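>>> Below are the sequence and a predicted model for it; my questions follow.
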Amino acid sequence: MLKKDNTGLIVVDVQGKLARLVHDSEALISHCMKLIKGAQILGLPIIVLEQNAKKLGPTVDEIASLIDDLKPIEKCTFNGCGSIRFMDAIKANNVTTWLVCGVEAHICVYQTATGLAGLGYNVELVGDCVSSRTLENKQLGIARTKESGITITGLEMCLYELVGDCRASEFKAILDLIR
């Protein structure tokens, strides 16, 4: 079970034209925004990655406006774990479980999630908060991630798991976010 005191969120490469080209991009961006807002309500650490931002562009405005106090970590490796700045941020947050969302499910999301799992972190892929340019590649990415032993969760499932109790101070805000 997810616990808010040891869980963080990684947002992978929701940027530039690519974010608009992925399968069901409007839903992806909307779901990622809800996940980020939920993480903020719950006080979770958030790390944002950008793949070669000079070529692909910055994080999309909708998400950038939510995280204006966070500077995205630029990377060129598909696996975020290949970035020293990313690994420093992971270690600095002192959490053992990471939720992962973003694009593309079969490339950077998959490689970053499995990279973190290989380093001993608990990783949960938020299945309705990932996408790829094609539905087939999205499904392949989720399937391969699951085959690697990583748990697949959903937006509502993980947020309610993190709240844990309808009497929790964050419950009403999470309920309003999901509705």
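Happy to help now that I have it.

>>> Could you give me the buried positions within stretch 77-94?
Judged by neighbour count (16 or more other C-beta atoms under 10 Å), stretch 77-94 contains these buried residues: 78, 79, 80, 81, 83, 86, 87, 89, 90, 93. C-betas here are computed from N, CA, C, even on glycine.

>>> Give the full set of residues in contact with the residue lying closest to the last one once chain neighbours are set aside.
Spatial nearest neighbour of residue 93, excluding adjacent residues (C-beta to C-beta, 6 or more residues apart in numbering): residue 45 at 4.2 Å. Under the criterion of C-beta atoms under 8 Å, 6 or more residues apart in numbering, the contact partners of residue 45 comprise 8, 9, 93, 95.

>>> try 7 Å
By C-beta atoms under 7 Å, 6 or more residues apart in numbering, the residues touching residue 45 are 8, 93, 95.

>>> Out of the residues you listed, which sit inside strands?
Using DSSP state E, residue 8 are the members of those that sit in strands.

>>> how distant is stretch 18-35 from the center of its chain?
Distance of stretch 18-35 from its chain centroid, counting by C-alpha atoms, centre = their mean, to the nearest Å, is 12 Å.

>>> Please, where are all the strands along this structure?
Under DSSP E, the chain gives strands at 7-12, 46-51, 73-75, 97-103, 122-131, 151-153.

>>> Would you mind giving the ones you listed as a markdown table with mean neighbour count added?
As requested, the strands of the chain are exported to a markdown table (neighbours: other C-beta atoms under 10 Å):
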| stretch | mean neighbour count |
| --- | --- |
| strand 7-12 | 25 |
| strand 46-51 | 22 |
| strand 73-75 | 20 |
| strand 97-103 | 27 |
| strand 122-131 | 24 |
| strand 151-153 | 17 |
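
>>> Would you point out which residue is most central in this structure?
Closest to where the C-alpha atoms of the chain average out (C-alpha atoms, centre = their mean) is residue 101, at 2.6 Å.

>>> Neighbours of the closest residue to residue 79 other than its chain neighbours, how many?
Nearest non-adjacent residue to residue 79, counting by C-beta to C-beta, 6+ apart: residue 111, 3.8 Å away. Counted with other C-beta atoms under 10 Å, the neighbours of residue 111 add up to 20.
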